[in-house]
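>>> model the structure of this input:
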Amino acid sequence: MPTVNQQIEKRVRPVVQRRVAQLVSELTTELTILVRQAAADVVQATLGTNGSSRSSRAPRLGGGGKRIRRSSEDLAATAQRLRSHIAQSPGQNMEQIGAALGATTRELRRPLGFLIDEGGVRREGEKRASRYFVGNGKPSRKRPGSARRSKTRRRA
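Below you'll find the model as predicted:
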């Protein structure tokens, strides 16, 4: 015949096991939520976002939604950073400049175009073989924006 302790253990063991399983499940769920929140905070801090999933300094790429335009001050600041970098490291291509400045080539395209048009930077080569150097200060021969206007189809 089982002792009193054995009888108590037989009744209590399943209850204790269920309670331990429940507590472990709750702890796992709470830890998962905390880890996800911490990861989201780290990503948010790294990207410098303010609750949105995109950086506010970069225009939205791709379809959908309204395009975010950079201010003229932002473009001028980027152009100044570009010119300073090109003065320090002449002869680099767009990818190298973008990597050094922490920006995409798409973000640099417009400010670089302004610098070339006003003569602050000159380009040697074509397409991806282009290398950039400090300019002579004289505006380029073409009119700023003329390439874009000539490619744009006019609507009646």
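>>> per-residue pLDDT of R54, please?
The score at R54 is 46. That number is its pLDDT.
>>> what's the answer for the one 10 residues further on, then?
If you check G64, the pLDDT there is 53.
>>> quick check: R128 touching N93?
Yes: with contacts counted by C-beta atoms under 8 Å, R128 reaches N93, the gap being 6.9 Å. Glycine gets a C-beta too; all of them are placed from N, C-alpha and C.
>>> of these two, who's got more company?
More neighbours surround N93 than the other of R128 and N93, with 14 against 9 (other C-beta atoms under 10 Å).
>>> count the residues that sit near K138.
K138: 10 neighbours (other C-beta under 10 Å).
>>> and the gap between it and N93?
Noted for K138: a distance of 23 Å to N93, by C-beta to C-beta, to the nearest Å.
>>> same thing with A45?
31 Å.
>>> give me the distance from stretch 106-124 to the chain's centre.
22 Å (C-alpha atoms, centre = their mean, to the nearest Å).
>>> all strands for the chain, in order.
121-124, 131-134 (DSSP state E).
>>> for these, give me JSON lines that also has mean pLDDT.
Output for the strands of the chain, formatted as JSON lines (pLDDT from 0 to 100):
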{"stretch": "strand 121-124", "mean pLDDT": "89"}
{"stretch": "strand 131-134", "mean pLDDT": "90"}
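>>> let me have those in CSV, adding distance to I8 as columns.
Formatted as CSV, these follow (distance: least, C-beta to C-beta, whole Å):
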stretch, distance to I8
strand 121-124, 86
strand 131-134, 84
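>>> brilliant, that's me finished.
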